[in-house]
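Chemist: just to be clear, the model below is a prediction. Sequence and coordinates:
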Amino acid sequence: TVSALAWLSTMLLACFLAYDIRLYAIRVYGYVIHEFDPWFNYRATEYLDEHGWKAFFHWFDYESWYPLGRPVGTTIHPGMQITSVAIKRTLNALGNPISLNDVCCYVPVWFGCTASWILGLLTQECSGSKSAGVFAAMIMAIVPAHMPPMIDRDGLSGLQARGPAEWRGTPTHRCRSGDS
């Protein structure tokens, strides 16, 4: 079994790893939002912050899905936007001024720590094993699928370049293309 001190130390290490790994992009590139989807989410968050709850849910954005536009308030899951605005307003009200851009850059960092901790506790509760809990927390802290896509652009572009070659090697591709 895992002692309480070892358990706490490992959970804190998982939290530190989740924080440090996800903070890499901020350390290297600064407070910059990368990729298209996060920019759309930032615009939606900004709109919610500036115009309020009611206007957000009735917002028709003519800049996305051009030329048709998009009824944003009814076609997205607004949890991230609402949470980011709540964090910004709470920190500003407590005397810690922070911009909405900075909050949106830090959300993956903060949520990575929180998700690692919660998964560790949930696994421990479900399995009855502290060892399984700390193992799950450590895995969650470093799993690439739960990290922002801007961590290693060269590595990701290399994987994307390999995709078509891998696809051509599959039986499905050979069957569809008539190659035998």
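Modeler: It's in.
Chemist: which stretches of the chain have low pLDDT?
Modeler: 1-2, 35-36, 145-180 (pLDDT under 70).
Chemist: which residue ranges of it form helices?
Modeler: For the chain, the helices defined by DSSP state H occupy 4-22, 24-29, 36-51, 53-57, 72-75, 79-93, 100-127, 130-142, 153-168, 171-177.
Chemist: so which of these is the most surrounded?
Modeler: Burial of those is given as mean neighbour count (mean count of other CB atoms under 10 Å); helix 130-142 ranks first at a mean of 20. C-betas here are computed from N, CA, C, even on glycine.
Chemist: in the protein, which residue is closest to the centre?
Modeler: Computing the C-alpha centroid of the chain and ranking residues by CA atoms, centre = their mean puts Pro108 first, at 4.6 Å.
Chemist: hang on, that one packs against Leu23?
Modeler: No. At 9.3 Å, Pro108 does not count as touching Leu23 under the criterion of CB atoms under 8 Å.
Chemist: ok, Pro67 - how many residues close by?
Modeler: By the measure other CB atoms under 10 Å, the count of residues near Pro67 is 5.
Chemist: for Val109, what are its contacts?
Modeler: For Val109, the contact set (CB atoms under 8 Å, 6 or more residues apart in numbering) comprises Ala18, Tyr19, Arg22, Leu23, Ile26.
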